[in-house]
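Novice: When you get a sec, could you give me coordinates for this:
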Amino acid sequence: MRRRIRPAELLKHYAGISRLLAGQLDFASAIKAVAVEIGQFLPHDHIDACIVMIDGKYHSAYETGLDTDWGRLEAAPIAQSPIRSLLWGETPYILTDDASKDERFHFEGAFDNPIFDQILCSRLHVPMTVQGEVIGALSCSSHQPGLYTLEDVTNAQAIADLLAPYFFSLRAAQLAQHSAIVEAEARAREEGLRQGALNLTEALERERQRIGMDLHDQTLADLTRLTRQVEHLADKPVIEGQSLEPVSRSLQRCMQELRRIIEHATPSVLQLFGFASAVETHIERAVIDSGSKITSSLVDETQGAVDALEPTVRIALFRIVQEAINNAVLHSQCTLVSVKLCAHDDALRARVDDDGCGLDRSGLRSSGGLDNMETRARLIGAELDVGPRRDGTGTSVVVSVPRPARSAADAEIAEAAQ
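Specialist: Next up is the predicted model:
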């Protein structure tokens, strides 16, 4: 039979609990700090503080004595809690001699496994209340059946009343910290997007200037020269045997150069034939233009999923892959360039590998290539990883783009296709 605790002893224990709470900065350390003192007059094998989150729909359990599945979850629905009636304010306390047989703890969907796993028989639960709001519950459990009485309920409620203001403050501090982190992350994302947009604008301006110089220095000069040749021929009588072949050849060369400039500015193959075809065309053209003996390959395992991306996302992804191919062909001294496109449940991934001399990040950054790739990736929410290949040689550029959510109809079609 348990010894009866005198009021003076209880008061001493309550004061001890208050002292032990001082300086505790989180729920877990607070409940562990007071557990021994509570055990002096309220024996237990397991004790926990269940804290209701601000939304009122979830709670977290902080426990000591025994480690259970209740304490392993950061957030659990109150609707599945065995003591949900207490957390909802529907009952002033819960007292049971054997929780394994008490129907109040067991209902459809109840998270009651720890009761059986840890053989928790006697259980006592009282609310922690602040200004009429239930912010949590104090729970004591024992392997011994029939341990707790109504007197224990009164004592446990006194403890809960001591804990409630302190835990309420901890919850407010936790919420403030979380809000500060979320706000800081939002500001960082906003600043990153602002800086990214600025970098991209500068890159686009440089590209506009490059196109303008290409048109001025090459195409416009060729057209001016051809115009003068045509005018010269028009002012003179046609001489038998005079050939217009040089003029025709110059015109063809001029048109090819103009097509090259236009194609670089607007990837028409991408729009007309899809992402994989555009990448394949670019690899072939890059290799031919380099004059090097480079073997190239393309593997597409996406089944056209890339072409389902938003146009701006698809073009940005193409530009990243295009830049990676250009870097490999022009700077890596490689003999092999391979591109692999694959689809995962949450992302579409493009990998560009080469067997060249490896990554020179300073050179890439000085030319703006890596910066442009990182900026484009950030603006479409993609992840970019640039480094050596898995075997430690060459360079691997991997860009992962989040997949758009599929509609129910699309999911059914995909499942039927499988």
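
Novice: This structure - how does it break down into domains?
Specialist: Per the record, the chain has its domains at 7-182, 267-418, by automatic domain parsing.

Novice: could you dump those to a markdown table with mean neighbour count and distance to Glu191?
Specialist: Glycine gets a C-beta too; all of them are placed from N, C-alpha and C. Output for the domains of the chain, formatted as a markdown table (neighbours: other C-beta atoms under 10 Å; distance: least, C-beta to C-beta, whole Å):
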| stretch | mean neighbour count | distance to Glu191 |
| --- | --- | --- |
| domain 7-182 | 17 | 15 |
| domain 267-418 | 17 | 11 |
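
Novice: of all those domains, which lies closest to Pro246?
Specialist: domain 267-418 (24.4 Å; C-beta to C-beta).

Novice: I'd like the average pLDDT over the closest one.
Specialist: Taken as a whole, domain 267-418 carries a mean pLDDT of 82.

Novice: Packing partners of the lengthiest helix in the chain?
Specialist: Across the chain, the longest stretch assigned as helix under DSSP state H is helix 150-214. With contacts defined as 3 or more C-beta pairs under 8 Å, 6 or more residues apart in numbering; DSSP states H and E, helix 150-214 has these neighbours: helix 7-21, helix 27-39, strand 46-52, strand 94-96, strand 122-130, strand 133-142, helix 245-265, helix 369-379.

Novice: Put together TSV for the domains of the chain, with distance to Cys254 on each row.
Specialist: Formatted as TSV, the domains of the chain follow (distance: least, C-beta to C-beta, whole Å):
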stretch	distance to Cys254
domain 7-182	57
domain 267-418	17
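
Novice: Asn199: which of those is closest?
Specialist: The closest of these to Asn199 is domain 267-418. By C-beta to C-beta, the value is 4.6 Å.

Novice: for the domains of the chain, which one sits closest to Arg189?
Specialist: Evaluated over these, closeness to Arg189 peaks at domain 267-418, with 9.3 Å, by C-beta to C-beta.

Novice: I'd like the helices and strands packed on helix 150-214 laid out as a markdown table, including distance to His59.
Specialist: Formatted as a markdown table, the helices and strands packed on helix 150-214 follow (distance: least, C-beta to C-beta, whole Å):
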| stretch | distance to His59 |
| --- | --- |
| helix 7-21 | 20 |
| helix 27-39 | 11 |
| strand 46-52 | 5 |
| strand 94-96 | 15 |
| strand 122-130 | 11 |
| strand 133-142 | 7 |
| helix 245-265 | 57 |
| helix 369-379 | 37 |
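
Novice: Lowest average confidence across these, which one?
Specialist: Looking at the helices and strands packed on helix 150-214, the lowest mean pLDDT belongs to helix 245-265 (a mean of 66).

Novice: Please, which helix or strand holds Glu323?
Specialist: Assigned by DSSP states H and E, Glu323 falls within helix 311-331.

Novice: Does anything pack onto that helix? Which helices or strands?
Specialist: Judged by 3+ C-beta pairs under 8 Å, 6+ apart, helix 311-331 is in contact with helix 268-273, helix 275-290, strand 336-343, strand 347-354, helix 361-367, helix 369-379, strand 395-402.

Novice: Outside of the longest one itself, list whatever touches it.
Specialist: Looking back up the chat, that one is helix 275-290. 267, 269-270, 294, 296, 298, 300, 302, 306-307, 314, 317-318, 321-322, 325-326, 329-330, 337, 339, 341 (C-beta atoms under 8 Å, 6 or more residues apart in numbering).

Novice: returning to what we had before: mind putting the helices and strands packed on helix 311-331 in CSV, distance to Leu21 included?
Specialist: Output for those, formatted as CSV (distance: least, C-beta to C-beta, whole Å):
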stretch, distance to Leu21
helix 268-273, 64
helix 275-290, 61
strand 336-343, 54
strand 347-354, 47
helix 361-367, 52
helix 369-379, 45
strand 395-402, 45
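
Novice: And those: which comes nearest Gly387?
Specialist: strand 395-402 (6.2 Å).

Novice: Okay, angle between the closest one and helix 369-379 too, please.
Specialist: Angle, strand 395-402 to helix 369-379, by axes from the mean of the first three to the mean of the last three C-alpha atoms, to 10 degrees: 20 degrees.

Novice: and strand 395-402, how far out from the chain's middle?
Specialist: Mean-position distance between strand 395-402 and its chain equals 15 Å (C-alpha atoms, centre = their mean, to the nearest Å).
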